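Peer 1: below is the sequence, then the predicted model.
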Amino acid sequence: MKLLFMISIIYSLFTCNVDIPQINNININLEIKGKGDIDLCNEKYELEIQSLDKKCLFKQSYGCQIESLPNSIYDNEEVAISFCWSGYKFYFNHVDTQLLKESNFNFRIEYPPIHDSSIKKSNNLQEVHYLSFDSSKYQSIELIKPIYKN
């Protein structure tokens with residue numbers, strides 16, 4: 001009886017209030033117009049997922065795949081995602097956390113001329129940052145952020 005009691009206490013210590021990672025196997029891809037696809041498997045970069053109040057929820061700086069994301073990310077309805085590599089900086093805020101489930105992260109930069117009807121044509125347009133989430137479970141969703149010169 002004592003053994004059963006001790007086992008149940010130990011079990012509760014390891015199962016209560018523990019943030020068990022959710023396995024996602026997320027690929028991280030980067031494409032830059034004029035440079036093509038960048039192989040991130042051997043590159044140093046910064047990928048950070050933050051709550052909207054700037055609390056870091058996840059950070060990675062190497063490898064071309066995210067093996068797991070902490071479940072605490074999904075406690076937030078929306079997050080901010082930043083990605084930096086070799087002087088290129090992406091920042092997307094108000095990203096629905098449901099998009100992160102079992103999706104690949106595809107970062108892309110396009111330079112003018114931009115042939116995208118959703119982008120406002122302007123002489124001040126410097127570049128356009130894209131972040132698309134694709135999954136075998138649903139259609140790809142793409143976030144678009146035009147960057148204008150000051």
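Peer 2: Received it, and whenever you're ready, just let me know what you need. Residues are numbered from 1 along each chain as shown.
Peer 1: CA atoms for contacts and neighbours, from now on please.
Peer 2: Will do.
Peer 1: all helices for this structure, in order.
Peer 2: Counting by DSSP state H, one finds helices in the chain at the ranges 2-15.
Peer 1: pLDDT-wise, which helix or strand of this structure ranks last?
Peer 2: Least confident element among the helices and strands of the chain, by mean pLDDT, DSSP states H and E: helix 2-15 (a mean of 38).
Peer 1: against K89, how distant is L57?
Peer 2: When Cα to Cα, to the nearest Å is the yardstick, L57 and K89 sit 19 Å from each other.
Peer 1: neighbour count: those two, which is higher?
Peer 2: Higher neighbour count among L57 and K89: L57, with 18 against 12, using other Cα atoms under 10 Å.
Peer 1: and the nearest residue to the more buried one once chain neighbours are set aside, how many neighbours?
Peer 2: Spatial nearest neighbour of L57, excluding adjacent residues (Cα to Cα, 6 or more residues apart in numbering): Q50 at 5.2 Å. If you count neighbours by other Cα under 10 Å, Q50 ends up with 19.
Peer 1: contact partners for Q50?
Peer 2: Residues in contact with Q50, defined by Cα atoms under 8 Å, 6 or more residues apart in numbering, are C56, L57, F58, V79, A80, I81.
Peer 1: and it, how close does it get to I141?
Peer 2: 20 Å.
Peer 1: could you do Q60 as well?
Peer 2: 22 Å.
Peer 1: between the two, which is the more surrounded one?
Peer 2: Q60 (15 against 12).
Peer 1: surely the more buried one meets E48?
Peer 2: Yes - using Cα atoms under 8 Å, Q60 is in contact with E48, at 6.6 Å.
Peer 1: where does this structure dip in pLDDT?
Peer 2: 1-24, 136-138 (pLDDT under 70).
Peer 1: mind listing the strands for it?
Peer 2: In the chain, the segments counted as strands under DSSP state E are 22-32, 36-38, 46-51, 56-60, 65-69, 78-85, 88-96, 104-110, 125-134, 141-148.
Peer 1: which of these sits closest to S117?
Peer 2: Of all those, it is strand 141-148 that lies closest to S117, at 11.6 Å by Cα to Cα.
Peer 1: burial count for F133?
Peer 2: With other Cα under 10 Å as criterion, F133 counts 23.
Peer 1: report the contact partners of it.
Peer 2: L99, L100, S103, N104, F105, N106, S140, I141, E142.
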